[in-house]
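A.B. asks: How does the following fold in three dimensions:
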Amino acid sequence: MASTVLVTGATGCQGFATARHLLAAGVHVHALVRDPSKANAVELERRGAKLCVGAFDDHDSLVAAAHGTSAVFLNVLPTFPDVESELQHARNVIHAASEAGTVASIIYSSVTMTGKHETFPGWGPDYPLAWYWTSKAAIESLVRSWGFKYWTILRPAFLMHNYLSPVADHLFPALPQDHVFRTAYQPDSPMTVLDPDDVGRFATAAIVDPDRYNHHEIDLGVQALKPRDIARILSQASGKDIQVEFYTTDEAASLAKVNPMISAQLWSNEVGYQVDQDALKKYPIRLTTFEEYLQREKGAVQTTFG
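C.D. replies: Take a look at the predicted model:
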């Protein structure tokens, strides 16, 4: 078992879940945070985590956070329009982990379909969001090749918290505002979803039992839900009548030129997150359904839908 783990992005949904599960398992946690006054940072400190104030662009803070750790949970996010930052941030964390001299294990949270991007219909340098997929694939390659004794790559599908505020306010603004799930998905396009807490459970398992999960690349998703399924489940959880509206082809094409989230929805119609459910059966972790997630997150459901 890793005695001390550096969790990056510790106040985000995946990092926070990972840190909580590690602490519950008796593992010491260095939680990398930018703002120690944030609610999630305060909660992690209350649970026993050591808060390490720093940033992905601050080499000294990363080295200090990695000092004395034996494992790293790597969770970096893409930014737009600075499409180079995610890969650079990952390099910075990996360099710091290497400099620490004690890190034997790294767990990277990527995304489902990474590494398969060159098979996407119409793939090429002008492919919408090509930078997103090439960045994820490059980080995976760094994790595999850097020389850590243990590595595990987790590839979550679409995280369930995207349908609740505050994330839904940006991805699906009509959902909290008007109780309308307005989307560029096609009516029959399935969206494979995952509870972000389950990323933390898998990451913790890989850290606690690194031999079992070493060199595993695990696609994570629990249900493939069509838009009307999503609206129905949200309606049941919130007690509100959630309607579904679909952008026309022309509307979606026009919006995609300025909104990468619409481009991602159009990608889902053509490719989508494909998870082999049978392959997940070998792991002793039962994934959380969308219904179960919303039941657990009643407060967030109330905040989103009133």
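
A.B. asks: so where is the stretch 101-250 of the chain shaky, pLDDT-wise?
C.D. replies: Of all residues in the stretch 101-250 of the chain, none has pLDDT under 70.

A.B. asks: hey, where'd the strands end up in it?
C.D. replies: With DSSP state E, counting those that start in this stretch as the criterion, the stretch 101-250 of the chain has strands at 105-109, 150-156, 158-159, 180-183, 191-194, 216-220, 223-225, 243-246.

A.B. asks: Could you report the distance from the nearest residue to residue 279 once chain neighbours are set aside to residue 11?
C.D. replies: Counting by Cβ to Cβ, 6 or more residues apart in numbering, the nearest residue to residue 279 once its immediate chain neighbours are dropped is residue 219, at 7.2 Å. Where you see a C-beta, it was placed from the backbone N, CA and C, and this is true even at glycine. Distance of residue 219 to residue 11, given as Cβ to Cβ, to the nearest Å: 26 Å.

A.B. asks: Just the pLDDT at residue 2, thanks.
C.D. replies: What the model reports for residue 2 is a pLDDT of 62.

A.B. asks: any idea which residue of the protein is furthest from its center?
C.D. replies: Of all residues in the chain, residue 250 has its C-alpha farthest from the mean position, at 30.2 Å, by Cα atoms, centre = their mean.

A.B. asks: what about residue 211, distance to residue 281?
C.D. replies: Taking Cβ to Cβ, one finds residue 211 at 20 Å from residue 281.

A.B. asks: nope, residue 9 is what I meant
C.D. replies: Going from residue 9 to residue 281 by Cβ to Cβ gives 29 Å.

A.B. asks: swap in residue 165?
C.D. replies: Note on residue 165: its distance to residue 281, by Cβ to Cβ, is 34 Å.

A.B. asks: Pick out whichever of the two has more residues nearby.
C.D. replies: In this view residue 165 and residue 281 are compared by other Cβ atoms under 10 Å, and residue 165 has more residues nearby, 15 against 8.

A.B. asks: tell me the contacts of the spatially closest residue to residue 236 that is not a sequence neighbour?
C.D. replies: Nearest non-adjacent residue to residue 236, counting by Cβ to Cβ, 6+ apart: residue 291, 7.5 Å away. The contact partners of residue 291, by Cβ atoms under 8 Å, 6 or more residues apart in numbering, come to 233, 236, 237.

A.B. asks: Now do the closest residue to residue 306 other than its chain neighbours against residue 257, distance only.
C.D. replies: Distances taken as Cβ to Cβ, 6+ apart place residue 240 nearest to residue 306, at 7.5 Å, with adjacent residues excluded. In this structure, residue 240 and residue 257 are 32 Å apart, going by Cβ to Cβ.

A.B. asks: The two: which has the busier surroundings?
C.D. replies: Neighbours per residue (other Cβ under 10 Å) separate residue 240 from residue 257, with residue 240 holding more: 14 against 10.

A.B. asks: Would you agree that one is in contact with residue 302?
C.D. replies: No. Assessed by Cβ atoms under 8 Å, residue 240 is found out of contact with residue 302, at 10.4 Å.

A.B. asks: Okay, the residue lying closest to residue 123 once chain neighbours are set aside and residue 129: tell me how far apart.
C.D. replies: Distances taken as Cβ to Cβ, 6+ apart place residue 117 nearest to residue 123, at 6.3 Å, with adjacent residues excluded. For residue 117, the distance to residue 129 (Cβ to Cβ) stands at 9 Å.
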